[in-house]
Every structure is written in C-alpha cells, then in structure tokens.
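Colleague: Here you go, sequence then predicted model.
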Amino acid sequence: MKKVYLASALLLAVTGAQAYQAEVQGTVGYYDAELNDGNYNVGVQGTYYFKDVDASKGPLAEAAFLNQASSISAGYNFGQLTADINRTVNVNGNPVTINEEFDAEQHTYGIKGEAYIPTSVVPVYASASYNHSKTDAKNDFTALIQNDDSGDRYALELGAMVLPNFLMAVGYTNIAATESLDTFNILNNGLMSATMESRAIREKKDAVTARTKYVGPIDGTDMAIGFEAGLVSGEDTMYQLKTDLYVTPKLGLGVSYTDGSYKSSTVPTSAVGVNASYFVTPAVSLGASYVYADGEYGANDAHLGALNAKFRF
C-alpha cells in the first residue's frame, strides 16, 4: 500500500493536481558584499492547510490566499556569514591593526498559524508566530553579536478581507535581540528583508506592524496583478512595497522595494529586488530572486540571490 500511495503522489505531481492540502518549500540563497566571502543560507518550510486548496482559479502562486485557506507552518533556516575585518589591538603599548576573519553561523526556526474566519460582515484574518534564533560567533568576535543566543521572537496579527481578495491587517511583534529574525520572512521575502526588519525594531524590542495585500485579475486579459505594502515601526521604521504580474496562472514576475529610516554602519538602509516563479505543473514550482541592497553610513552594498522550489500534494 505504501508503494501505491507514493506512486499516486508522484502521479499527481506530474499530471498537476488542481487541489492540494500541503506544501513543502526549499530555499538556498547567497549573500555577497565588499567585506564578505562565502555567505549563504539554506532553509525549508512546510505548510499544512486544514481544507483542500482549489488551485484551478487565478495565479497558482496565490491559490492559498485566494481560497482564504487557514494553515499551520513550520520553518528552519541556516545562515553562514564570514567577513574580513580589521581590528586594532594593543601590542607593548602601541596600537597595531590586524586583519582577521569574522565567522558566524545562525540557526533560525519557527512555527506560524494563519486563520480566515467567516463572519456576517467580512472574513476576519488572524495569525500568530513564534521564532527562535541561535547566533554562534567564532574566534574572538562574540562581542559583535548583541546576543549570542538571540532568543525568542513573537508576532500577532489581526485583520480582515475588507474587499474580495484585499487584506488589511495590523499586528504586534516582540524580539529578544537584533539578531532575532523571522524564519518565514527569510524564506519568503529573503534574508535582507528579515535583517532590515529586525534592525528597524532594534533596542525597543516591541514593534507595531501593518500591511495590505491584494490579488486580482486584469480586465480583458488572462493576466492578474498582486500588490503588497507593509511597515514595521519599532525604534525606527521599515517600509516595504511589492508587486507581482502574473502573465499566466503559472508564470509570475515581481519587483520589490524596502527602505529603513535607521542609520546603521552594518545593515543597508534600502533594497530593490526582482523575482520570478514558474509552475512546471500545478504541483511543482521553481523560483529565483535577486536583491541589491544600498549601504549608507558605512554599511557595504550587498547583492543577494536565491533559488527556491515548492512541491504541493
């Protein structure tokens, strides 16, 4: 019987099932900046939907949103960062500059639940997530990490589908340290977005969030358009805008812009990105993204690339 189930799952992936109840996503990314060398991140996310998601209408990438599908997700991301850093040390009373390699690893994992609740007025939306980060700095650079065990991160959101396929939500986020990242932000929006978000919150620890999302058809065509806008307001503020053009239900092309009001010598203050995704079948998709981050106030410019694959069943 196990062989029969496995064969059925493979057949659905090849032929393209029009409904699914689970999705697995894998991501690998690369980070390149002036001082950095060999930086990458790899992650995986699994999502279970409480009811079948109908993928026969609209962009395949937004099937869960269009179906208002309640779900629970778990994710994990591993990041490696190395950089050449000049340090000044005291030798026999004289300052001496030496070059050493900064080496840090970060493990981030989390769980998230999303619910769409029908009411007599409008569908209500709610989400809650928990994430934990562990940042391990090698050599003598632990002092550069605000909190080696970066600790917990909690987030809550409440909103409503104020119009068909148009979500508005506000929320609250608490982080233990600047290195406390959102696993799902990393896996779905990229490492730079997650890093800039936590940098905007920083020492205040608490933040207010707000976002909107809309997906709808373009009249007179087979295409669709998607818009997202959001902000995070903590010690400083970060804004993000995204738009996607779905040329066909299978093919999506998007651009994004992120901007932070903070002044940082380590984290870029703005970033522009492009992305593309294509469903080989309604059950299997491949995607790629590129982000250019503009460093100010001493921070380095950065280039980030990522590839991802999704499997639905």
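Modeller: Nice, thanks for sending it over.

Colleague: buried residues in stretch 305-313?
Modeller: 306, 308, 310-312 (16 or more other Cβ atoms under 10 Å). No exception for glycine: its C-beta is placed from N, CA and C like everyone else's.

Colleague: right, I mislabeled it, should have said stretch 48-56
Modeller: 49, 53, 55.

Colleague: which two in the buried residues of stretch 305-313 are spaced the farthest apart?
Modeller: Ala306 and Arg312 (19.7 Å; Cβ to Cβ).

Colleague: Distance to Thr221 and secondary structure added to the buried residues of stretch 305-313, as a markdown table?
Modeller: Supplementary listing: the buried residues of stretch 305-313 in a markdown table, determined by distance: Cβ to Cβ, whole Å; DSSP: H, G, I helix; E, B strand; the rest coil:
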| residue | distance to Thr221 | secondary structure |
| --- | --- | --- |
| Ala306 | 29 | strand |
| Asn308 | 27 | strand |
| Lys310 | 25 | strand |
| Phe311 | 29 | strand |
| Arg312 | 26 | strand |
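
Colleague: got a list of what the residue nearest to the spatial centre of the chain touches?
Modeller: For the chain, the residue lying nearest the average C-alpha position, counting by Cα atoms, centre = their mean, turns out to be Asn185 (2.3 Å). In this structure, Asn185 makes contact with 193-194, 197, judged by Cβ atoms under 8 Å, 6 or more residues apart in numbering.

Colleague: one step back: filter the buried residues of stretch 48-56 down to the ones in strands?
Modeller: 49, 53 (DSSP state E).

Colleague: ok, the buried residues of stretch 48-56 vs Ser129, which is closest?
Modeller: Taking Cβ to Cβ as the measure, Tyr49 is the one of the buried residues of stretch 48-56 closest to Ser129, at 16.5 Å.

Colleague: Tell me where this structure has strands.
Modeller: Counting by DSSP E, the chain has strands at residues 19-33, 39-54, 71-91, 94-117, 124-137, 151-163, 166-175, 206-217, 224-233, 237-246, 251-260, 270-281, 284-294, 302-312.

Colleague: which one of these lies closest to Leu60?
Modeller: strand 270-281 (4.7 Å).

Colleague: Adjacent strands (with direction) for that closest one?
Modeller: Strand 270-281 has its sheet partners listed here by DSSP bridges as strand 251-260 (antiparallel), strand 284-294 (antiparallel).

Colleague: mind listing what's buried in the last one?
Modeller: Going back to what we said before, that points to strand 284-294. By neighbour count, with 16+ other Cβ under 10 Å as the criterion, the buried positions of strand 284-294 are 284-285, 287, 289, 291, 293.

Colleague: Hey, what's the angle from that strand to strand 19-33? Just curious.
Modeller: 30 degrees (axes from the mean of the first three to the mean of the last three Cα atoms, to 10 degrees).

Colleague: repeat for the first one
Modeller: Computed by the same axes, to 10 degrees, the angle separating strand 251-260 from strand 19-33 equals 50 degrees.

Colleague: How far does strand 251-260 sit from its chain's centre?
Modeller: Strand 251-260 has its C-alpha centroid displaced from the chain centroid by 12 Å (Cα atoms, centre = their mean, to the nearest Å).

Colleague: Check the gap between Tyr49 and Ala63 for me.
Modeller: According to Cβ to Cβ, to the nearest Å, Tyr49 and Ala63 sit 10 Å apart.

Colleague: quick one on the thing from earlier: which single one of the buried residues of stretch 48-56 is nearest to Asn275?
Modeller: For those, the closest approach to Asn275 (Cβ to Cβ) belongs to Ala55, at 20.0 Å.

Colleague: tell me the pLDDT at the closest one?
Modeller: Confidence per residue is given as pLDDT, and for Ala55 that number is 93.

Colleague: ok, back up a step: want to throw the buried residues of strand 284-294 into CSV with pLDDT and distance to Ala276?
Modeller: Supplementary listing: the buried residues of strand 284-294 in CSV, determined by pLDDT from 0 to 100; distance: Cβ to Cβ, whole Å:
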residue, pLDDT, distance to Ala276
Val284, 98, 15
Ser285, 98, 11
Gly287, 97, 7
Ser289, 97, 8
Val291, 96, 13
Ala293, 92, 19
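
Colleague: Could you dump those residues into JSON lines with distance to Asp103 added?
Modeller: What follows is the buried residues of strand 284-294, written out as JSON lines (distance: Cβ to Cβ, whole Å):
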{"residue": "Val284", "distance to Asp103": "36"}
{"residue": "Ser285", "distance to Asp103": "34"}
{"residue": "Gly287", "distance to Asp103": "30"}
{"residue": "Ser289", "distance to Asp103": "26"}
{"residue": "Val291", "distance to Asp103": "23"}
{"residue": "Ala293", "distance to Asp103": "21"}
